[in-house]
Structure formats: C-alpha cells, structure tokens
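S.K.: Compute the structure for the input listed below.
(one chain, ligands or ions: 1)
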Amino acid sequence: MQAPPAVHAAAGGCRTRPGELGPPQPPLPLPVSERAHGAGRARSGAHRRARRRPDDEAGRGAASGGHGAHPRVSRRTLGNGCRGRAPAGTRRAALGVIRERRQDLEITVVGSGTVLPELERRQSCVVVETASETLVFDLGSGAVRGMLRAGIDPFSVDRIFFTHFHPDHTVDVVPLLFAIKYAAREPRDRKLVISGPEPFHRFWAALTNVWGEWMVGDYPMPTVQLPLACRVPVETPDCQIFWAKTEHRPESIGYRLEAAGKTFVYTGDTAYGESVVALARNADTLLIECGAPAGGEVPGHLTPEGVARIASESGARRVVITHFPAFLQTDLAAEVRAAGYEGEILTAEDGTKFSP
Ligand SMILES: [Zn+2]
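M.R.: All right, here's what the predicted structure looks like:
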C-alpha cells in the first residue's frame, strides 16, 4: 500500500514474499490447566467454567510448575493449550507471583525489537493487563509466540490497538485471529475490539480481503477507526485511553492509559514532536522507542538524545526504552542519562514487566 520509510530499508528491508496458507487445522487435543480456567477475574470465569469440556480434565496442571522470578519470565510456554481466558491471578500464580485481583496495570513488553530479525527480540508488541481485560498494543512478527514466552495467554486478548500500519507492528494479528478461530478449544463468544488510526477501516478491509476467510470468526469483532486527534477517550472497564499524533507515518499515533491514578504512555514509532511531549505529560511510565543511534539520524525515529528530550520536557517519571536494534550495541540508558534526563531509565527486553 505505502512504501516503508528509509529506516526500514536500511535495517534490512520489508520484502514481502508470497505466502502459502494450508487448510485450517482442526482443534488440537492440547492439555488445559484446570487452574487456568479457575477463579480469578470476576468478569467471565463462571460461564467459562460452565462451558468446559470433560476432556479438559486430561491435562490438568500441565501449565503449572516452577518458573522464573518476576520480572524475568520463564521460558516455559505457560499459555500453550490455554483456551479462552486464563485469569491473571492464575497466570501469576504459575509465574510464582501470587497476587489478588489487581487494581493497577501490569505491562509486559512482549516484543522490543524492530524490523531487523533477531533471535532474542520479537517485533513490537506491548500487553497491558488491567483488572478485567487484556489489551494489546501492536502485533509485530513473533508477538503471539512472545506472549506465550511471557506467560500471557494469547486467547485472553480483549482489545487490540495499533499505532500504525507497518508490518513490524501489525502482521501477527493474522496468526492471532487464525488461532482464535481454529485452535480455540472453547469457541469464543466474547467480543474482541480492534482499533487503529485513521484510515484504519481501509487498512482492515485490505487485510481481510486477503485473509478474512480465516481471520473473522463467529464472535463479535468490532473495528474502531480512531481519528488522528483524540477528542473523546476510549473508555474501558478499567481505564481511559487517550491518543495523539506521533512523527513517523501519516497515520501514526501513540497511546496514553490512565487507571487508578497512574498513567502509562506508549509512543509506538516516532521522532521528536510536541504532540508526543504532550501525550507523555507527567506520565508515570513512558515506554518509548529508540530506533536511531546516538548522534545519528533515522527519519521517523528517536535517538537517545531525542528520548531524553521528550522524557525531560514531558516530566515523565520513568522511561522504558524499546524498539531498538541489537546492532546499536551501546548502553542506551547511559546515553539517555548523558543527554540530560534525570528520571528512572529502564531498557526493555522481551518479557520485561512493570507497573506504571
Ligand atoms: Zn514503523
């Protein structure tokens, strides 16, 4: 549809290749953890238990066991075989983190990489778990498997938000919806809301024109086209979501979540821009891209200096740096610090978790 920017070409290109899609596979007899469907989030646990099939008992407990400590998550694929929603409490119990029903947000950087293929970094994807929902921001290549790596059940997703349409932020929506349609042991009946910036409806129509037969299921899947300027926030049961224009693609936006007095901002891809500063104003945590090297310049992306400038001007309390290629091989946190930002600085890996 539209040519990728120079940065993507420079980092290895975005070549498309004719893909082959085999026939839909029947549901697989994968083990399902009893605990993965047990008590937890109040919203839908009861009806899900009521619908569980007898054969779910077979693999009970398969997804439990020893796991890595928070926030470095285990390599075990906790979500493998979980059908429907795996309540947050049980997921965390499996991770060795026992918590009651959460009031705040838990954020997981599922993919911290870029267009450059890397073994240890998947492409852009951020999961925000609220008290009753799982929200996903961007779905680059590897995101679905990355959720499993991070102990997040891909079938638990309630809302998807895209920052822009580049493949490294969108392509895994296809395998995600394909899996929900054909690999879910329990047919999905709850809503999945998919939102993206204007002209999202055109993008979505093109995507479903190619893959729709295998993507669109029998459950409600409304699509929401967000105008470039946010006049009214998206209201979810647990948070308000604002957005603003970013400096990357004509449609690019970043998101701001506010819940329980805390604010989390995710820039998506961007260069410096006043609207990005405004979006991040006084954020508790700013997840911010850093796709350009210090002292360099990559159109549509931030250098460490740019990260420091946005973070300082916005008054963000903490920054988490993401979307940087391995070839930078530098201490990004030190470079952002040297550029003048005085708040807390973290550098994301795939699986990094935090609360705002
Ligand atoms: Zn991009």
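
S.K.: Only C-alpha atoms from now on, for both contacts and neighbour counts.
M.R.: Fine.

S.K.: where along the stretch 251-356 of the chain do the helices fall?
M.R.: Secondary structure of the stretch 251-356 of the chain by DSSP state H, counting those that start in this stretch: the helices cover 274-279, 304-314, 332-338.

S.K.: closest to L287 out of those?
M.R.: Taking C-alpha to C-alpha, helix 304-314 is the member of the helices of the stretch 251-356 of the chain nearest to L287, at 10.0 Å.

S.K.: List the buried residues for that closest one?
M.R.: Along helix 304-314, these residues count as buried under the neighbour rule (16 or more other C-alpha atoms under 10 Å): 304-312, 314.

S.K.: Can I get that helix as CSV, trimmed to CA atoms?
M.R.: Presented in CSV, the C-alpha positions along helix 304-314 are these (Å, rounded to 0.1, in the frame of the first residue of the first chain):
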residue,chain,number,x,y,z
PRO,A,304,18.9,8.6,22.8
GLU,A,305,19.0,12.4,22.8
GLY,A,306,15.5,12.5,21.4
VAL,A,307,14.3,10.1,24.1
ALA,A,308,15.9,12.3,26.8
ARG,A,309,14.3,15.4,25.3
ILE,A,310,10.8,14.0,25.2
ALA,A,311,11.2,12.5,28.6
SER,A,312,12.5,15.6,30.2
GLU,A,313,10.1,18.0,28.6
SER,A,314,7.1,15.9,29.4
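
S.K.: residues making contact with that helix?
M.R.: For helix 304-314, the surrounding residues in contact (C-alpha atoms under 8 Å, 6 or more residues apart in numbering) are 271-272, 276-278, 280-283, 286, 288-290, 292-295, 319, 332, 335-337, 339-342.

S.K.: for stretch 236-254, same thing?
M.R.: Applying C-alpha under 8 Å, 6+ apart, the contact partners of stretch 236-254 are 130-133, 163-165, 197-199, 228-230, 232-235, 255-260, 265-273, 275-276, 279, 299-301.

S.K.: So which of the residues you listed are in strands?
M.R.: Of the contacts of stretch 236-254, the ones assigned to strands by DSSP state E are 197, 234-235, 255-259, 265-266.

S.K.: Any chance of a ChimeraX selection covering the buried ones in the contacts of helix 304-314?
M.R.: Only the buried entries of those go into this ChimeraX selection, using 16+ other C-alpha under 10 Å:
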select :271,272,276,277,280,281,282,283,286,288,289,290,292,293,294,319,332,335,336,337,339,341,342
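
S.K.: that older thread, among the helices of the stretch 251-356 of the chain, which is nearest R145?
M.R.: helix 332-338 (26.4 Å).

S.K.: Let me see the ranges of the helices in the stretch 101-250 of the chain.
M.R.: Under DSSP H, counting those that start in this stretch, the stretch 101-250 of the chain gives helices at 143-149, 167-170, 173-182, 200-215.

S.K.: now the shortest one: how far from the chain's centre is it?
M.R.: Going back to what we said before, that points to helix 167-170. Remark: helix 167-170 is offset 11 Å from the chain centroid, using C-alpha atoms, centre = their mean, to the nearest Å.

S.K.: Restrict it to CA atoms and write it as CSV.
M.R.: C-alpha atoms of helix 167-170 as CSV (Å, rounded to 0.1, in the frame of the first residue of the first chain):
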residue,chain,number,x,y,z
PRO,A,167,4.2,-4.8,9.2
ASP,A,168,6.5,-4.9,12.2
HIS,A,169,3.6,-3.6,14.2
THR,A,170,0.6,-5.4,12.6
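
S.K.: quick one: average pLDDT of it?
M.R.: Averaged over helix 167-170, pLDDT sits at 98.

S.K.: centroid residue for this protein?
M.R.: The residue lying closest to the centre of the chain (C-alpha atoms, centre = their mean) is V126, at 2.5 Å.

S.K.: residues contacting that residue?
M.R.: 107-111, 136-138.

S.K.: pretty sure G113 contacts G140?
M.R.: No. G113 is not in contact with G140 according to C-alpha atoms under 8 Å; the separation is 9.1 Å.

S.K.: So for the two, which residue has more residues nearby?
M.R.: G113 (30 against 27; other C-alpha atoms under 10 Å).

S.K.: Can you tell me how far the more buried one is from V127?
M.R.: According to C-alpha to C-alpha, to the nearest Å, G113 and V127 sit 15 Å apart.

S.K.: Quick check: Y219 vs A292, distance?
M.R.: If you go by C-alpha to C-alpha, the gap between Y219 and A292 works out to 41 Å.

S.K.: Sorry, wrong one. I was asking about V234.
M.R.: 31 Å.

S.K.: Show me what R159 is bridged to.
M.R.: Using DSSP bridges, the beta-bridge partners of R159 come out as L135, V193.

S.K.: what's around it, how many residues?
M.R.: By other C-alpha under 10 Å, 21 other residues sit near R159.

S.K.: same question, D189
M.R.: The local packing count at D189 equals 12, with neighbours defined by other C-alpha under 10 Å.

S.K.: if I pick it, what's in contact with it?
M.R.: Taking C-alpha under 8 Å, 6+ apart, we find D189 in contact with 218-220.

S.K.: And those residues, which is closest to V144?
M.R.: Distance to V144 across the contacts of D189 (C-alpha to C-alpha) is lowest for Y219, with 19.7 Å.

S.K.: From A131, how far out is the nearest residue to the closest one once chain neighbours are set aside?
M.R.: Sequence neighbours aside, D189 is the residue nearest to Y219 in space, at 4.8 Å (criterion: C-alpha to C-alpha, 6 or more residues apart in numbering). Per C-alpha to C-alpha, D189 is found 20 Å from A131.

S.K.: Much appreciated, bye for now.
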